[in-house]
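K.L.:
Quick one, fold the following:
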Amino acid sequence: MEDPSSFSAAAAAPHAAIPYVRVSASFSISGPAPSATAGPDDRAAAAAEMEKMLGEAAASLARSGRYIVTAAAIRAHLDELAPLRKMTILAPDDRAIADALYYESPPRFHLHIVPDRLLTYADLRRLPVGAELPTLDPGESLVLTSNGEGKGAPDIVRLNFVSINAPDLIIGSRIAVHGVRLPIWEFDLWDLRPSPPPSSTSSPSSLEAPI
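P.N.:
Have a look, this model is predicted:
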């Protein structure tokens, strides 16, 4: 049975038939974020406003001609996304998702959502390497593996070693969307930590270089 939280499930849904039109996906959506102490009526109104914003974001992504599957996934999960105060969405393009479906199991949409935080590209660059960003995928976080400050690829932010190749695709008062080069998979923070120092009895051939 196909995982309903995967990108491929969203693409197969009836509402996934979105027109293919090439336009810019960059636009700004605005609206007040609800207070953390808002009452039920205020929260319901804020959720309705968020649902509208998400619909606009999905429509813009679909019109770009590159993010049709991500747009369909957003629409498929409106009930989960609308109650969030803010969010950051990481959007692989359609070709990257198609390649992942060919070689791997379907990538999970929830792992591409950072709930209740709106992070612009500049915000991400200010975070330290190793910073963890909890996602909608229970128990799973994204790890900042590059903030663009080190050697190699300056100015490129990577999460779980996947680079952001279309920063600030959509920036609003409650939603940020960044395009990513590949779908994102689970990541173990231990992969970022250096090896322990060698003991005095270790032979040179057994030493491991820190990551």
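K.L.:
Okay, buried residues for the longest strand seen in the chain please.
P.N.:
Counting residues, the longest strand in the chain under DSSP state E turns out to be strand 162-171. Judged by neighbour count using 16 or more other CB atoms under 10 Å, the buried positions of strand 162-171 are 162, 163, 164, 165, 166, 167, 169, 170, 171. C-beta coordinates here come from the backbone N, C-alpha and C atoms, glycine included.
K.L.:
which residues does the fourth one contact?
P.N.:
Contacts for residue 165 were tallied using CB atoms under 8 Å, 6 or more residues apart in numbering; they are 179, 180, 181.
K.L.:
Apply 6 Å and report the result again.
P.N.:
179, 181 (CB atoms under 6 Å, 6 or more residues apart in numbering).
K.L.:
The chain should start at 9 in everything you say after this.
P.N.:
Sure thing, new numbering starts at 9, so read that last one as residue 173.
K.L.:
what pLDDT, on average, does the longest strand of the chain get?
P.N.:
Averaged across strand 170-179, the pLDDT comes to 96.
K.L.:
go on, stretch 85-102?
P.N.:
Stretch 85-102 carries an average pLDDT of 97.
K.L.:
So which residues make contact with it?
P.N.:
By CB under 6 Å, 6+ apart, the surrounding residues in contact with stretch 85-102 are 41-42, 55, 58-59, 62, 74-78, 120-127, 182-188, 191.
K.L.:
Buried residues, the longest helix seen in the chain. List them.
P.N.:
Longest helix of the chain, by residue count under DSSP state H: helix 48-71. The neighbour-count check on helix 48-71 (16+ other CB under 10 Å) flags 54-55, 57-59, 61-63, 65-71 as buried.
K.L.:
now stretch 83-97
P.N.:
For stretch 83-97, burial by neighbour count (16+ other CB under 10 Å) applies to 83, 84, 85, 89, 90, 92, 93, 94, 95, 96, 97.
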